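Visitor: here you go, sequence then predicted model.
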Amino acid sequence: MSLAIFQTVIASGSGYQVVGGHLFFIFMAMVSFAILMMWLISFPRPPIEDDPMPRVPLWVAFIVPILFPLPRLSYYVNGPLAPENYVLYTYSIDMLFTVLIIAILGWNYWCVDPASRRKIRWVLIGVYLAFVPIAIIQFTGAIFELGDWFFWLQSIGLFFYVAVPLSLFMAMRHFNLFDVDRVISGSVVYTALIVLFALLAEGLFEPIAASMATNFGAEADTGQLIFVGLLAALAIPIQAYLRPKVDHLFFRRQTNFRDAIDDLINEVASTGTQDLEKVALLIGSRLSEALDVKDCAIYLYEDEKWTPVFRFGANINLEFEGDQALDLKHLFDRSMVPIRLKQGSDKEMKLAERFTGLDAELIVPFRSANDGCGFLCLGRKRSKDVYTNTDVTLLAGVAVQVALSYS
């Protein structure tokens, strides 16, 4: 809209046109900042009547909108701030805006449950993807002489700002579509490698590459380009080595669960019994400890009904008989894909209707070669976290091992 004002011929003259465009931009920025800050204060908190933790006061949302126009209005009126300090004031307000966002998200992150924290991580990923490319371009421009390329790279970097609304959409609607912890660990590793390689390229490899290129009769830029290519090639194996360590450092619970699943798969593969019920008891006991769930049960299909042969907790105590039991048998005969009964996809929500009355969050079916059929039923985690795609994939691996061991 501001651009349209700038490009519209106004009878009063171009001066009014410029002022009108800037004032409209300032006004809309104030409104946008206020709406964004008010949204962040309540995200992803439950309704006030169900939220015992204190919230950030609502007046904090209006600090930046009030301060934002002050240095910009100094161009058109006498004050309130000195025009010669325009850059200092604008950068200070932008920094205050960033600090407030981090502080609000940090406070909400501490107050909410683990499932809601995943939503905040999506927002942080969006902010990261939006601002890190610009920061890298600024850093590169400060080290190397980019000339006109610097302007074009900055223009390209602005396109990454679309990551912010996309991450907000993911946080509100599909926060469990991907495992955000894996996205964060990968981002941390690659960012650290980029910064490290940039420092090494500037302080150590650049003079070496230039000297070697000169000795071989090539230009210094050619030698530097070769060294940069070698560093980029090294990034992939280095990140493969560092990423498990980063996962263990920041997401230790997930790493421990992955190790427990590996041990369980090996144990199922090496067991000597052909009794599927004993294997079900083994799986149930191990998973109830590894996942720290409130409820866990394993159902087997026998005598045209589903009966729990292992049960941990008090909430999962339902038996399936008659048409409902037969319907579930037909479902698992067609597909052995795990089903999230809560916070799953639309397709999973439709399948969840077949498990009416079962107080659980995840169903993992399994089958043996002799047509023995069962499913693992998991309740809510004690941490109140959700079952991520990584969790579901690992649990599906256990079901596959059951089928392989009894084929």
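Guide: Now that the structure is in, tell me what you want to look at. Numbers count the residues shown, from 1 in each chain.
Visitor: now Asp333, what's its secondary structure?
Guide: Using DSSP: H, G, I helix; E, B strand; the rest coil, the structure places Asp333 in helix.
Visitor: from His330, how far off is the spatially closest residue to it that is not a sequence neighbour?
Guide: Closest residue in space to Asp333, ignoring its immediate chain neighbours: Cys373 at 7.5 Å, by CB to CB, 6 or more residues apart in numbering. Yep, even glycine has a C-beta here, placed from its N, CA and C like the rest. For Cys373, the distance to His330 (CB to CB, to the nearest Å) stands at 11 Å.
Visitor: which one of those two has more residues nearby?
Guide: Between Cys373 and His330, Cys373 has the larger neighbour count (other CB atoms under 10 Å), namely 20 against 9.
Visitor: test my guess that that one contacts Phe332.
Guide: Yes - look at Cys373 against Phe332 with CB atoms under 8 Å: they come within range, at 5.6 Å.
Visitor: give me the common contacts of the two.
Guide: In terms of CB atoms under 8 Å, 6 or more residues apart in numbering, Cys373 and Phe332 are both contacted by the residues Pro365, Arg367.
Visitor: so which residue is dead centre in this protein?
Guide: Val180 (2.8 Å; CA atoms, centre = their mean).
Visitor: OK, contacts around that residue?
Guide: Arg118, Arg121, Trp122, Ile125.
Visitor: return the distance of the third one relative to Tyr241.
Guide: Computed as CB to CB, the Trp122 to Tyr241 distance reads 27 Å.
Visitor: so the two - more neighbours on which side?
Guide: Using other CB under 10 Å, the more surrounded residue of Trp122 and Tyr241 is Trp122, with 25 against 10.
Visitor: wait, Ala403 sits on Arg367?
Guide: Yes - between Ala403 and Arg367 there is a contact under CB under 8 Å: 5.6 Å.
Visitor: higher neighbour count, those two?
Guide: Taking other CB under 10 Å, Ala403 and Arg367 do not tie; Arg367 has more neighbours (21 against 14).
Visitor: in contact with the residue nearest to the more buried one when sequence neighbours are not counted, which residues?
Guide: Setting aside the residues directly before and after it, Arg367 is nearest to Cys373 in space (CB to CB, 6+ apart), at 5.1 Å. Listed by CB under 8 Å, 6+ apart, the contact set of Cys373 reads Leu300, Tyr301, Lys329, Phe332, Asp333, Pro365, Phe366, Arg367.
Visitor: equivalent analysis for Ile125, please.
Guide: Applying CB under 8 Å, 6+ apart, the residues contacting Ile125 are Ala163, Ser167, Val180, Val183, Ile184, Ser187.
Visitor: tell me which element Ile298 is part of?
Guide: Assigned by DSSP states H and E, Ile298 belongs to strand 296-302.
Visitor: and the next helix or strand past that strand?
Guide: Downstream of strand 296-302, the next assigned helix or strand under DSSP H and E is strand 305-312.
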